[in-house]
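J.: Sequence isn't available, so here's the structure alone:
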């Protein structure tokens, strides 16, 4: 039987190298983004319309601490956009309520969220077929 002393076996060295290599990069992602396992690392930023009464927007998977500028443009000619700002929370989310003429499901709206230099995402709603508002009849 041949016994060697004083060194690690090649198998032990290989396993140690594998464990060290697997452990590297566990603290952060390679792109400098959020650490794996945090909500913001799971997907790209998402913007959704949560409600129309009032118009409520929710953002998910944003970089925590980021500043977001929102522009809500009603889908009717001549209506002016409404602007808002939001600070992204630690969990990568934000919620904003907007009020303004034309920000309703009958008109439809396109909302653009701008974050970081030159990055933006949009969400749109189509105008619904709402009944016309009745005109009051003149009283005699």
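T.: Received, thanks. Note that the coordinates shown come from a computational prediction; the quantities given were computed from them, not determined experimentally.

J.: Would you map the helices across this protein?
T.: 10-23 (DSSP state H).

J.: Poorly predicted segments of it, please.
T.: For the chain, applying pLDDT under 70 flags the ranges 1-42, 133, 140.

J.: Strands along that one, start to end?
T.: 46-52, 55-60, 67-74, 82-87, 94-98, 109-115, 119-125 (DSSP state E).

J.: how about CSV for these, with distance to residue 139 and mean neighbour count added?
T.: From N, CA and C alone the C-beta is placed, and that goes for glycine too. Listed next are the strands of the chain as CSV, based on distance: least, C-beta to C-beta, whole Å; neighbours: other C-beta atoms under 10 Å:
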stretch, distance to residue 139, mean neighbour count
strand 46-52, 33, 14
strand 55-60, 35, 20
strand 67-74, 33, 19
strand 82-87, 36, 15
strand 94-98, 37, 17
strand 109-115, 36, 20
strand 119-125, 38, 14
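
J.: nearest to residue 132, of those strands?
T.: strand 67-74 (17.2 Å; C-beta to C-beta).

J.: and that closest one, which strands flank it?
T.: With DSSP bridges as the test, strand 67-74 is paired with strand 82-87 (antiparallel), strand 109-115 (antiparallel).

J.: what's in contact with the longest one?
T.: When contacts are defined by C-beta atoms under 8 Å, 6 or more residues apart in numbering, strand 109-115 is touched by residues 45, 47, 49, 55, 57, 59, 62-63, 66-75, 88, 102-103, 120-125.

J.: what about 6 Å?
T.: The set of residues external to strand 109-115 that reach it, using C-beta atoms under 6 Å, 6 or more residues apart in numbering, is 47, 57, 66, 68-74, 103, 120-125.

J.: between that strand and strand 94-98, how big is the angle?
T.: 140 degrees (axes from the mean of the first three to the mean of the last three C-alpha atoms, to 10 degrees).

J.: Next: the first one.
T.: Taking the same axes, to 10 degrees, one finds that strand 82-87 is oriented at 160 degrees with respect to strand 94-98.
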